[in-house]
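K.L.:
I would like the atomic coordinates for the input below:
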Amino acid sequence: MPDSDSILLKTLLLTTLIILANGCADQNIQALRLDPQTPFFSAPIISPVPNTAIGQRLAAFPDGTVSVAWWRNLPGGTGNLQVSNWKGDKWTEPNPVTDMANIADAQIAPVNGDNLAALFMVSKPYKTGGEVQDIYMSKADSPDNRWSTPLKANQEKETSGKTLPSLAAFADGSLLTAWIDVPVIQPIPSDHPKAVTDTETTSTLYVAKISPDTTQIKGMQAAREFCGCCPPALAADGLDGLLVYRGLQPVNIRDPTIMRIGQDKPGLPQIIHNDHWVFDGCPSSGPVIAVLQNSVAVAWTTLLNNKLIVRAAFSEDNSRHFAAPIDVELENATGVSGIAMESAQSALLVWTSSSTAGEMIKLARIFDDGRIEHRTTVHTLPNGSYKWPGPRMVKTNGSVIVGWHDEQGKKLGLVKVKVTE
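P.N.:
From the prediction side, this is the model:
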């Protein structure tokens with residue numbers, strides 16, 4: 001293990017070579033062999049997203065194109081969900097997806113290598129007060145082309161409250177979405193002692209499959225025992241989906257859980273690892289998942305020795321069994337942002353942690369044998385925290401793009417991390 005002075009020297013040498021190379025930086029980065037202790041090189045990139053946006057989401061295509069979607073609610077009761085695409089280090093003109101008002105959340109996902117799907121959740125008043133939400137889907141046959149007429153994905157007789165939608169696309173062009181469904185009941189004040197538990201006992205983790213031509217929808221109840229304030233995540237695996245979420249077992253045990261979503265019905269839930277984290281409250285952070293052929297990687301936060309940590313676990317048999325978890329961040333974690341497979345044995349993981357310097361976005365390469373390389377602080381937000389549920393990431397062509405949102409400072413940004421050696 002090299003000492004800290006050696007690590008610092010290598011880091012400074014690498015950074016100096018990148019700066020001196022200027023326009024030839026990519027060639028020099030490729031030629032240099034990074035020490036496993038050396039951080040990856042990261043830098044902000046110009047973003048098309050205005051700071052007035054409520055949120056932003058990312059998608060990446062095999063050809064290196066990156067799409068960013070953002071939404072705003074404009075004066076006069078109109079809305080605005082737009083997409084711009086990064087090609088050759090240049091953003092395209094924003095392409096409008098919808099002008100529906102009161103967009104509460106959105107997601108995008110690549111379809112069949114060149115199409116793009118968008119999910120957006122729209123709030124509307126409920127007859128006795130408060131708000132409920134509808135979820136809409138739309139597709140474009142390329143990221144720059146016109147979007148299809150939105151299709152409402154939720155099919156309940158009386159519109160319910162919804163939160164934390166997720167989206168994935170299958171190889172045949174069909175889509176899978178998940179969300180937390182909260183039936184309309186007498187509102188419980190957030191400071192009430194049973195605000196979390198009472199809401200969780202009435203909520204449902206719901207999934208819906210949408211046909212490639214967006215004409216058929218099959219909705220399914222996936223789970224009733226889950227953490228109702230932790231985002232679920234999806235991944236496509238052949239013609240099945242994989243859903244990960246924070247389970248809720250008796251006595252408030254909140255451990256990571258995975259479920260296979262088949263063609264006709266959800267499978268049985270499986271606990272990824274028995275952390276036995278007992279918490280009478282809201283952990284806020286759900287697990288993230290990535291799939292490559294028969295390999296699956298999942299990362300999540302849990303409590304160890306009274307400190308919030310980040311763990312990751314690999315499966316080499318399509319999620320039937322997971323190896324013992326790898327502890328990636330051992331203190332001051334605040335959430336997991338995303339994970340992307342690089343090979344059957346390795347993945348890139350992005351998470352957030354806090355220190356006296358502020359909240360930070362971190363990245364590392366992790367291996368199924370427990371190795372952790374190239375720990376990198378991607379971005380630091382002094383004197384603040386990232387907007388919940390935190391930054392998001394995608395991997396494309398030797399780089400990772402991370403999108404962050406400083407809600408207090410009213411700023412949004414994108415960071416590119418070069419991960420090739």
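K.L.:
all contacts plus neighbour counts: C-alpha atoms, from now on.
P.N.:
OK.
K.L.:
Now do the strands in the stretch 151-300 of the chain.
P.N.:
Counting by DSSP state E, counting those that start in this stretch, the stretch 151-300 of the chain has strands at residues 151-152, 161-169, 175-182, 204-210, 217-223, 233-237, 240-246, 256-261, 270-271, 288-292, 295-304.
K.L.:
how far away is Ala223 from Cys230?
P.N.:
As defined by CA to CA, to the nearest Å, Ala223 lies at a distance of 13 Å from Cys230.
K.L.:
can you check Lys157 too?
P.N.:
26 Å.
K.L.:
which one of those two has more residues nearby?
P.N.:
Cys230 (20 against 6; other CA atoms under 10 Å).
K.L.:
circling back to that earlier point, mind putting the strands of the stretch 151-300 of the chain in a markdown table, mean pLDDT, distance to Val111 and mean neighbour count included?
P.N.:
Compiled in a markdown table, the strands of the stretch 151-300 of the chain are given as follows (pLDDT from 0 to 100; distance: least, CA to CA, whole Å; neighbours: other CA atoms under 10 Å):
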| stretch | mean pLDDT | distance to Val111 | mean neighbour count |
| --- | --- | --- | --- |
| strand 151-152 | 94 | 17 | 16 |
| strand 161-169 | 96 | 6 | 24 |
| strand 175-182 | 95 | 8 | 24 |
| strand 204-210 | 95 | 13 | 22 |
| strand 217-223 | 93 | 17 | 18 |
| strand 233-237 | 94 | 11 | 24 |
| strand 240-246 | 96 | 14 | 25 |
| strand 256-261 | 97 | 18 | 24 |
| strand 270-271 | 97 | 28 | 16 |
| strand 288-292 | 97 | 16 | 24 |
| strand 295-304 | 97 | 20 | 25 |
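K.L.:
Out of the ones you listed, which gets nearest to Thr376?
P.N.:
Distance to Thr376, taken as CA to CA, is lowest for strand 295-304 among the strands of the stretch 151-300 of the chain, at 17.2 Å.
K.L.:
could I get the closest one in CSV with only the CA atoms?
P.N.:
This file holds the C-alpha atoms of strand 295-304, laid out as CSV (Å, rounded to 0.1, in the frame of the first residue of the first chain):
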residue,chain,number,x,y,z
SER,A,295,-24.3,-10.5,-13.0
VAL,A,296,-26.3,-8.2,-10.7
ALA,A,297,-24.9,-5.5,-8.4
VAL,A,298,-26.9,-3.7,-5.6
ALA,A,299,-25.8,-1.0,-3.3
TRP,A,300,-27.6,0.5,-0.3
THR,A,301,-27.1,2.4,3.0
THR,A,302,-27.4,0.8,6.5
LEU,A,303,-26.4,1.5,10.0
LEU,A,304,-23.2,0.0,11.5
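K.L.:
just how off-centre is it within its chain?
P.N.:
Distance, stretch centre to chain centre, for strand 295-304: 13 Å (CA atoms, centre = their mean, to the nearest Å).
K.L.:
Next secondary structure after that strand?
P.N.:
Counting by DSSP states H and E, the next helix or strand C-terminal to strand 295-304 is strand 307-315.
K.L.:
just the angle between that next one and strand 288-292, please?
P.N.:
Using axes from the mean of the first three to the mean of the last three CA atoms, to 10 degrees, one finds that strand 307-315 and strand 288-292 are set 20 degrees apart in direction.
K.L.:
That'll do, ta.
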